[in-house]
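Student: Mind looking at a prediction? Sequence and model below.
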Amino acid sequence: MRYLLHLYFIMIIARNVRDYLRNKPYLLEALEKNIVNLSELSRQIQKELKTDNTNAIKAALRRFSEELQKHKQKREEKVLALLKRSRIAVYERKSVIITSKEIQSKNSMKVDLPGKYVYLADKADLPEHINTLVKHENCTMIVINSPKELEVTPGVLAFLTTLLAEQNVNLIEFISCWTETIIVIEKKDSLKTYEVISNIVG
């Protein structure tokens, strides 16, 4: 009976540790990468959960960390396999225009938002005089065309955005439409972005 009661409390602590970590994405990432001191993290969680069983917390952290690492490895393998079957295209001299009123543009992509419109177009396709809220000119658009499994493969967009963030690339627009992933960046970042993405795509 005492053993069962002890086991029950261990399970409760493990569940509380997991619940605590789910609201801390930075800790989840550190555990996934195996770059966190489990003893120190156990002591911090102990204070938060107001329990004195540090060993149970550390054991729960170790098990959860191993699960995360296995899950991340499988997820990244699927993401990389999908991207290897994708193709990449680059389009220069694109403009991103945000307006409060709809404008006439034949070949632009348009997104309707509450109280505003976002246009992605060649500069030549836009009217000469536009009252804009925001304007980004001379941008580069990179389009990744992937197999239709993109829709049911978790982590692809997160993988790409993290990859570019680590290279200090600012994304002006990022759009996912069925099999197309559209990335718009400043011209100064175009070569770096292309090199990073082309290393994993196709």
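Tutor: Looks like it arrived, so ask away. The structure presented is a predicted model; accordingly, all values stated were derived computationally and were not measured.
Student: for stretch 121-135, which positions count as buried?
Tutor: Buried residues in stretch 121-135, defined by neighbour count with 16 or more other C-beta atoms under 10 Å: 121, 126, 132. Where C-beta positions appear, they are placed from N, C-alpha and C, glycine not excepted.
Student: what residues does that stretch touch?
Tutor: 93-101, 103-109, 116, 119, 137-138 (C-beta atoms under 8 Å, 6 or more residues apart in numbering).
Student: Same question for stretch 195-202.
Tutor: Contacts with stretch 195-202, where a contact means C-beta under 8 Å, 6+ apart, come from 80, 83-88, 142, 144, 160, 163-164, 167, 169, 183.
Student: can we see that at 7 Å?
Tutor: Stretch 195-202 has contacts (C-beta atoms under 7 Å, 6 or more residues apart in numbering) with 80, 83-84, 86-88, 142, 144, 163-164, 167.
Student: How much space separates the nearest residue to Ile10 once chain neighbours are set aside from Ser65?
Tutor: Excluding the flanking residues, the one nearest Ile10 by C-beta to C-beta, 6 or more residues apart in numbering is Ala56, at 5.2 Å. For Ala56, the distance to Ser65 equals 15 Å [C-beta to C-beta, to the nearest Å].
Student: How is the residue nearest the centre of the chain assigned, secondary-structure-wise?
Tutor: Per C-alpha atoms, centre = their mean, the C-alpha nearest to the average position across the chain is that of Ala158, at 2.3 Å. On the three-state scheme (DSSP: H, G, I helix; E, B strand; the rest coil), Ala158 is labelled helix.
Student: Flag every buried residue along stretch 98-112.
Tutor: 98-99, 103, 105, 108-109.
Student: Please identify which of those residues is nearest to Asp19.
Tutor: Ile98 (39.6 Å; C-beta to C-beta).
Student: Is it correct that that closest one falls within a helix?
Tutor: No - counting by three-state DSSP, Ile98 is located in no helix; its state is strand.
Student: Just confirm it contacts Val118, I think it does.
Tutor: Yes - assessed by C-beta atoms under 7 Å, Ile98 is found in contact with Val118 at 5.3 Å.
Student: Could you check how far the residue nearest to Leu82 when sequence neighbours are not counted is from Glu66?
Tutor: Leaving aside its chain neighbours, Leu82 sits nearest to Thr153 (5.3 Å; criterion: C-beta to C-beta, 6+ apart). Using C-beta to C-beta, Thr153 is found at 23 Å from Glu66.
Student: Between those two, which is the more surrounded one?
Tutor: Each of Thr153 and Glu66 has its neighbours counted (other C-beta atoms under 10 Å); Thr153 has more, 17 against 12.
Student: Can you list phi and psi of that one for me?
Tutor: Note on Thr153: its backbone torsions stand at phi -110, psi 100 [degrees, to the nearest 10].
Student: Many thanks, we can stop here.
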